[in-house]
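In: Let me see the structure of the following:
(one chain, ligands or ions: 1)
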Amino acid sequence: MIQVLSVTSECVPFVKTGGLADVAGALPTALAQQDVRVRTLLPGYPAVMKSLVKAAPVLRFDTVFGGPARVLEATCGGLDVLVLDAPHLFDRPGNIYLGPNGADWPDNAERFAALSWVAAQIGLQGAQTWRPDVLHCHDWQAGLAPEYLRAAGSALPCVMTVHNIAFQGLTPALNPARLKLDPDRFSADAYEFYGKISALKAGLMAADWLTTVSPSYAAELMTPEFGMGLDGVLRHRANRLRGILNGIDTAVWDPITDPEIKTFKSLRGKAHTKAALRTEFGLPVSAGPLCVVVSRLTEQKGLDLLLGALPNLLNRGGQLIVLGSGDPKLEAGFRAAAKHSQVAVHIGYDEAMSHRLIAGGDAILVPSRFEPCGLTQLYGLRYGTLPLVGLTGGLADTVINASPAALDRGVATGIQFHPVGDTALRTALDHLCDLWSQPDVWRKMVRNAQKQPVGWDRSAAAYAELYREALTS
Ligand code: ADP
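Out: From the prediction side, this is the model:
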């Protein structure tokens with residue numbers, strides 16, 4: 001049995017801002033079937049500390065980045081967790097990354113350097129009797145862990161996963177020792193990036209294996225268009241980079257058992273679920289497809305394009321319900337759009353509501369400019385809510401576009417558009433309405449979508465294989 005320490009800044013069911021939390025929360029259970037045992041190290045935010053039951057201290061530090069800290073071990077939320085209890089860094093209300101003013105906490109570099117440094121200590125000395133065989137680091141918040149290990153002369157196998165290259169953990173390099181980094185290693189071969197410290201680059205250079213969350217995103221990351229400055233680093237390490245598609249938790253996202261589907265617990269119940277959704281959001285009955293969006297409202301997600309292209313949906317009798325929050329300009333844009341009688345918007349984050357939208361919609365719109373993997377299109381597939389997506393990253397890998405050939409062969413599961421821009425999105429929305437007006441074709445696509453495997457089995461096997469390789473190479 002391989003013992004893995006997974007290091008992450010967020011994890012379902014404790015704390016979540018995006019897909020990373022879903023992955024970190026679901027992968028350990030899937031890996032258990034592959035003879036891999038995962039312990040998850042995460043920060044002791046208030047939400048995490050509150051959920052701990054029977055936690056036992058396994059490590060103590062007099063001081064970690066300005067205050068005392070301990071590592072608590074517990075089994076809860078279906079996971080074996082190690083929690084970094086460092087109140088001076090993590091006992092703060094609100095968003096885990098942002099202060100009350102909506103900006104990053106000024107000490108985020110130290111907070112997540114602490115997480116990474118403690119991960120490295122566990123790699124070096126274990127946590128009481130337990131020792132990891134492999135360290136699996138997620139995103140920049142864990143990126144310094146492999147660097148600390150290499151600086152200490154350890155060859156412990158490390159895997160670094162990029163969930164979104166847009167977040168790199170850049171910080172001025174005035175004093176690397178402040179982050180417990182070895183100043184002699186401040187070089188392009190390690191954690192230096194254009195004169196700054198990059199936690200993500202540190203991980204990309206020091207880890208044995210790099211992964212990202214879809215094969216297409218792996219290829220995109222090596223291009224200047226998508227690599228966000230790190231494409232050169234990734235090209236340099238191309239033979240160590242793999243794309244392993246995310247899965248979804250098919251127990252949580254199950255149209256048959258979903259507690260949010262009250263009326264009918266099968267696809268035949270779609271009409272009833274949709275009617276309930278329309279009532280909840282005050283939308284009238286309409287002849288066109290009911291489209292939904294569940295998303296962070298950011299530039300990445302391309303939802304500004306949707307605001308512009310909306311007439312192409314509404315003029316055909318289509319409707320839109322949006323659940324999301326983020327960029328104030330986009331929030332205002334969608335609030336204004338909701339003045340239209342066929343559009344409803346809920347600004348906020350609401351897990352239960354997201355289930356009702358995905359269950360009751362006919363189509364889910366994901367017009368992202370880039371998308372490492374994307375989860376909501378996978379939920380859509382499983383619930384027979386056809387995805388309309390930009391042709392990028394994981395969206396390219398998980399949806400079969402309704403091209404004439406795919407329709408002929410009866411394999412289409414959604415619509416992809418390219419290039420991701422206003423014109424192609426308008427055309428895609430027209431195409432969606434055309435397909436909707438052919439009920440047999442639509443139904444066939446729904447059946448295909450629901451048959452597509454979207455769970456973790458294959459990808460968990462791929463991670464297990466990678467851990468084995470990391471242990472033997
Ligand atoms: P990202 O990680 O870039 O935000 P993903 O599609 O990988 O995008 O994951 C987003 C996750 O967050 C999904 O599980 C999605 O359902 C959820 N989510 C996003 N916005 C909301 C919201 N407003 N309410 C509920 N869930 C949301």
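
In: Give the burial count for residue 189, as a bare number.
Out: 9 (other Cβ atoms under 10 Å). No exception for glycine: its C-beta is placed from N, CA and C like everyone else's.

In: isn't it right next to residue 205, touching?
Out: Yes. Shown here, residue 189 and residue 205 form a contact pair, counting by Cβ atoms under 8 Å, at 6.4 Å.

In: So residue 5 belongs to a helix, correct?
Out: No. Counting by DSSP: H, G, I helix; E, B strand; the rest coil, residue 5 falls outside a helix, being strand.

In: residues touching it, list them.
Out: Residue 5 makes contact with 38, 39, 40, 41, 82, 119, 122, 123, 132, 134, 135, 136, according to Cβ atoms under 8 Å, 6 or more residues apart in numbering.

In: residues in the chain within reach of the ligand, list them.
Out: 18-19, 22, 294-296, 323-325, 349-351, 354, 373-376 (Cβ under 6 Å from any ligand atom).

In: Show the buried residues in those.
Out: For these, a neighbour count by 16 or more other Cβ atoms under 10 Å gives the buried set as 19, 22, 294-296, 323-325, 354, 373-376.

In: would you list those in TSV and tack on secondary structure and distance to residue 456?
Out: Compiled in TSV, these are given as follows (DSSP: H, G, I helix; E, B strand; the rest coil; distance: Cβ to Cβ, whole Å):
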residue	secondary structure	distance to residue 456
19	helix	13
22	helix	11
294	strand	20
295	strand	22
296	strand	23
323	strand	25
324	strand	25
325	strand	27
354	helix	19
373	coil	12
374	coil	15
375	coil	12
376	helix	17
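
In: Can you tell me which of the residues you listed is nearest the ligand?
Out: Of all those, residue 19 has the smallest distance to the ligand: 2.4 Å, by Cβ to the nearest ligand atom.

In: what is residue 241 paired to in the beta sheet?
Out: For residue 241, the beta-bridge partners are residue 210 (DSSP bridges).

In: pretty sure it contacts residue 212?
Out: Yes. Using Cβ under 8 Å, residue 241 makes contact with residue 212 at a distance of 7.2 Å.

In: list residues touching both of the two?
Out: By Cβ under 8 Å, 6+ apart, residue 241 and residue 212 have these common neighbours: 218, 221.

In: okay, those two: which has more neighbours?
Out: residue 212 (28 against 20).

In: which residues does that one contact?
Out: Counting by Cβ under 8 Å, 6+ apart, residue 212 makes contact with 161, 162, 163, 165, 218, 221, 241, 242, 243, 244, 372.

In: Also residue 121?
Out: Counting by Cβ under 8 Å, 6+ apart, residue 121 touches 59, 61.

In: Check whether it sits in a helix, strand or coil.
Out: At residue 121, secondary structure determined by three-state DSSP is helix.

In: Keeping just the C-alphas, turn stretch 18-26 into CSV.
Out: Taking C-alpha atoms only, stretch 18-26 is exported to CSV below (Å, rounded to 0.1, in the frame of the first residue of the first chain):
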residue,chain,number,x,y,z
GLY,A,18,-13.4,26.0,-6.4
GLY,A,19,-12.7,22.7,-8.2
LEU,A,20,-9.5,22.1,-6.3
ALA,A,21,-11.5,21.4,-3.1
ASP,A,22,-13.7,18.9,-5.0
VAL,A,23,-10.7,17.1,-6.3
ALA,A,24,-8.8,17.0,-3.0
GLY,A,25,-11.9,15.7,-1.3
ALA,A,26,-12.9,13.0,-3.8
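
In: domain ranges for this structure?
Out: Annotated domains of the chain cover 2-247+457-472, 267-451 [automatic domain parsing].
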